[in-house]
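S.K.: Sequence isn't available, so here's the structure alone:
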Ligand SMILES: Nc1ncnc2c1ncn2[C@@H]1O[C@H](COP(=O)(O)OP(=O)(O)OP(=O)(O)O)[C@@H](O)[C@H]1O
Ligand SMILES: [Mg+2]
């Protein structure tokens, strides 16, 4: 019975799982080759580590410096991020096969059979363990293919796999407790991301040891499974003990989830859904009000994230320069390469911050425009279009909301960053402008996704993220990885005006704004001509 | 009489699939028009075109005198519809959804009249409007769509299998509501697989098959197209003579009874013949809608029992 259930689910998941395995393999390989290309010599690694050790802002996003070998570099640059991905994969898998399946009614069929109440949960556990094993192998293979030592490669990969297991346990527990699949998905993804930042804080606040190029993380790292994985110090100490800790934690979490699974009804969480209102508020009166209602939580989350990020950039912008004065020129070069070479480090840093703000604003647009397809595929677009709401009005309502959210997010981000960078070289008005000029680029993404939606609706979601990822890689990280200039300018991000720099051109911004308008108009015209196509 | 729906030579292709293949349909003002046909015949496709959700590949279509694709938004102030597959926003409560749908159709929800109507509908359909749509069963989702359709005035109701998932009690509530709507002069296009419901409600019927309307008319007219079933006790009659009469089909003897079917236009000629045979235990059954339907759907199925 367990075997049947597991086989059935594995079959349904094979494509998704295959994709994760391929992506993680390639990513691991890519990280190794990036490190080889960019930090090929011991001297360059030492120079970079010197700066890294005193730059908490970068440590926050990277990892724990643990030595000077290529392997050490791969660990500090890549481990936490890869572990984050494995964690997200595991939590999504767990929720998909527990609550989401129940809400679709598939699990009722299983719970009504001899499989009973405990078996589906056990099957999910085995399934996710198998998936984590597969991606562990994929990551190890990627690192090995890049030419790293066997022991460290296997341990780094195992650390990531261990994170996957622990987060799967968390997700399984949350899936029992929370009222809906959406809530369970959101909460467990939030735990994974929080774990990433908790260990980030540990690294950022850690004690550096400049003589050995290592760092002892502060206590928060010990709270995060990703922190445990880093404590393995693959390629340096190769200490497998933290793996055991992770294993124990996942067993405890899974046991708790199994115990709870026995006590709850299929389709319901232990926390019951609240009673909702019986009449619609005045807000919920048109397609725009509906879009707001559907998107408000997710948009608010994005905006908070954007503002928090801007606060970090603004707050660090002054201190960073101070620290860089002591640390030497290495990191300055990197910041200038990314943020603009014709300004001071502070100016380049401000520009870089605004660019990342632009990336987040673009993500807001991509994500909100994808909602169009989700509504159409589910058949809910038809429910609206069968009323006195025209197709164009429905489409524009969603696009307008996305544009507003991006604009509000950038405005708030610019204000907060400017406010927190008080006393720096870049004044607050310039910070605000630097963020606001990101808007046209973000709107180009809105236009692109809308156009894809109008022409090839089935491709909206994958195409949206693909275009976004390609643009981030080319436009933001292009200067670091030697992407040719013409390719870099394929990405909207590359042509955004940079008011924080001493000289910049605003033509790019105007062109982007125009492009966004043209794309949206094209989307409106083309969508006005096609049928809606619900799936199923 | 003017038509609220008029479709001529409607074609709709999905790639290679011809969902509609020269469909003609007329629904007159004030009638409840039953729209029947086997799975995949094209009912939902027709309705999606009539609602301007899909565009016909070719052919002409008018709804309330307008082109449903071009004038969709304006038309939908006058039309209420229930889709074949009701999907709701999982985060909205049933009550919110009803209000929203009514407002989207241009209806007002802040009047005392609306509130009364909605309270009545909630009660009749026994819907708890204070629950999130994600927690509704199929039947309850269906009720939300029905309440939204009945809650605000409309000239035309377009219903795609509106009672699928409803229990018999709720079906009865629906039937009564629809009768009241029709009595008020409204027109209805009702796609359904539930023949008793169609028989009870519809003044005219169209049967669609493989993308074409194959029969259209009142129930009486359609009955006329189908053979009537006869049976009588065999006794010592010489039923062999009957089999030779024109218009008599499928004559069998089983269980001591003679059974056969007769073309509608041959019944007059048959009756004297039966008199001559002095048959006993005669039973004559006009075709039920079901038989009519089976005949249209299944080619070979004929009335068997009388
Ligand atoms: N989007 C689509 N793409 C391809 N084929 C489609 C599409 N929509 C409908 N069809 C096909 O068109 C035909 C008519 O389908 P339709 O849904 O109109 O049937 P129906 O009469 O409503 O059936 P049912 O009684 O099952 O509801 C079917 O063969 C169906 O497979
Ligand atoms: Mg249908």
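M.R.: Okay, I see it. Not measured: the values here are computed from a predicted model. Ligands and ions are numbered 1, 2, ... in the order given.
S.K.: how about the residues of chain B near chain A?
M.R.: Within chain B, the positions lying close to chain A (C-beta under 8 Å from any C-beta of the partner chain) are B:48, B:51-55, B:72-74, B:76-77, B:81, B:83, B:85, B:87-93, B:95-97, B:99-101, B:103-106, B:109, B:129-132, B:134-135. Using the backbone N, CA and C atoms, a C-beta is placed for each residue, glycine as well.
S.K.: Buried ones among those?
M.R.: With neighbours counted by 16 or more other C-beta atoms under 10 Å in any protein chain shown, those contain buried members at B:48, B:51-54, B:72-73, B:76-77, B:81, B:83, B:85, B:87-93, B:95-97, B:99-101, B:103-105, B:109, B:129-132, B:134-135.
S.K.: Take the residues you listed and keep only those in strands.
M.R.: Among those, the members found in strands (DSSP state E) are residue B:81.
S.K.: and whichever strand or helix holds residue A:399, what's its mean pLDDT?
M.R.: When elements are defined using DSSP states H and E, residue A:399 is found to belong to helix A:391-420. On average, the pLDDT along helix A:391-420 is 95.
S.K.: buried set for that helix?
M.R.: Neighbour-count burial for helix A:391-420, with 16+ other C-beta under 10 Å as criterion, is recorded at A:391, A:394-403, A:405-418, A:420.
S.K.: the helices in chain B, which residues?
M.R.: B:43-50, B:72-75, B:94-104, B:112-124, B:138-151, B:168-183, B:195-201, B:219-223, B:240-243, B:267-277, B:289-298 (DSSP state H).
S.K.: elements contacting the fourth one?
M.R.: Applying 3 or more C-beta pairs under 8 Å, 6 or more residues apart in numbering or on different chains; DSSP states H and E, one finds that helix B:112-124 makes contact with helix B:94-104, helix B:138-151, helix B:168-183.
S.K.: Just the residues contacting it, thanks.
M.R.: With contacts defined as C-beta atoms under 8 Å, 6 or more residues apart in numbering or on different chains, helix B:112-124 is touched by B:95, B:98-99, B:102, B:107-109, B:127, B:129, B:147, B:150-152, B:173, B:177.
S.K.: which one of the helices and strands packed on helix B:112-124 lies closest to ligand 1?
M.R.: Nearest of those to ligand 1, taken as C-beta to the nearest ligand atom: helix B:138-151 at 14.3 Å.
S.K.: next one: the closest one to chain centre, how far?
M.R.: Mean C-alpha position of helix B:138-151 versus that of the full chain (C-alpha atoms, centre = their mean, to the nearest Å) differs by 18 Å.
S.K.: Quick check: can you list the domain ranges of the chain?
M.R.: The chain I'm using is chain A. Domain ranges of chain A: A:1-269, A:286-536, per automatic domain parsing.
S.K.: wait, I meant chain B there
M.R.: By the record's domain assignment, chain B is partitioned as B:3-216, B:228-286 (automatic domain parsing).
S.K.: Need the winner for burial among these.
M.R.: Sort the domains of chain B by mean neighbour count, taking mean count of other C-beta atoms under 10 Å in any protein chain shown, and domain B:3-216 sits at the top with a mean of 19.
S.K.: if you look at the helix holding residue A:399, does any of it touch chain B?
M.R.: Yes: counting by C-beta under 8 Å from any C-beta, chain B has neighbours in helix A:391-420: A:391, A:393.
S.K.: give me the low-pLDDT residue ranges for chain B?
M.R.: By pLDDT under 70, the low-scoring segments of chain B are B:1, B:236-238, B:295-306.
S.K.: okay, now residue A:443: neighbour count?
M.R.: Here the neighbour count serves as a burial measure; for residue A:443 (other C-beta atoms under 10 Å in any protein chain shown) it reads 26.
S.K.: So which elements touch the helix or strand hosting it?
M.R.: Residue A:443 belongs to helix A:439-455 when assigned by DSSP H and E. When contacts are defined as 3+ C-beta pairs under 8 Å, 6+ apart, helix A:439-455 sits against helix A:345-378, helix A:391-420, helix A:460-471, helix A:507-527.
S.K.: Point me to the residue of the stretch 51-200 of chain B nearest ligand 1.
M.R.: Across the stretch 51-200 of chain B, no residue is closer to ligand 1 than residue B:84, which sits at 5.6 Å (C-beta to the nearest ligand atom).
S.K.: Can you name the two of the contacts of helix B:112-124 that sit furthest apart?
M.R.: B:108 and B:173 (24.4 Å; C-beta to C-beta).
S.K.: Stretch A:301-309: which residues count as buried?
M.R.: By 16+ other C-beta under 10 Å, the buried positions in stretch A:301-309 come out as A:302-303, A:305-307, A:309.
S.K.: Just the ones in helices from those, please.
M.R.: Within the buried residues of stretch A:301-309, membership in helices is found for A:302-303, A:305-307, A:309, as judged by DSSP H.
S.K.: all helices of the stretch 101-250 of chain A, in order?
M.R.: A:101-104, A:106-111, A:118-145, A:150-177, A:181-204, A:225-231, A:241-261 (DSSP state H, counting those that start in this stretch).
S.K.: Check these for me: which has the lowest mean pLDDT.
M.R.: Looking at these, the weakest mean confidence is helix A:106-111, a mean of 53.
S.K.: and the nearest residue to residue B:264 once chain neighbours are set aside, how many neighbours?
M.R.: Ranked by C-beta to C-beta, 6 or more residues apart in numbering or on different chains and with sequence neighbours excluded, the top spatial neighbour of residue B:264 is residue B:224, at 5.0 Å. Neighbours of residue B:224 under the rule other C-beta under 10 Å: 14.
S.K.: Pretty sure residue B:224 sits against residue B:286.
M.R.: No: counting by C-beta atoms under 8 Å, residue B:224 stays clear of residue B:286, with 9.6 Å between them.
S.K.: outside of stretch B:174-193, which residues touch it?
M.R.: By C-beta under 8 Å, 6+ apart, the list of residues contacting stretch B:174-193 from outside reads B:4-5, B:27-36, B:43-44, B:47, B:50, B:84, B:121, B:124, B:146, B:150, B:154-164, B:166, B:197-198, B:200-202.
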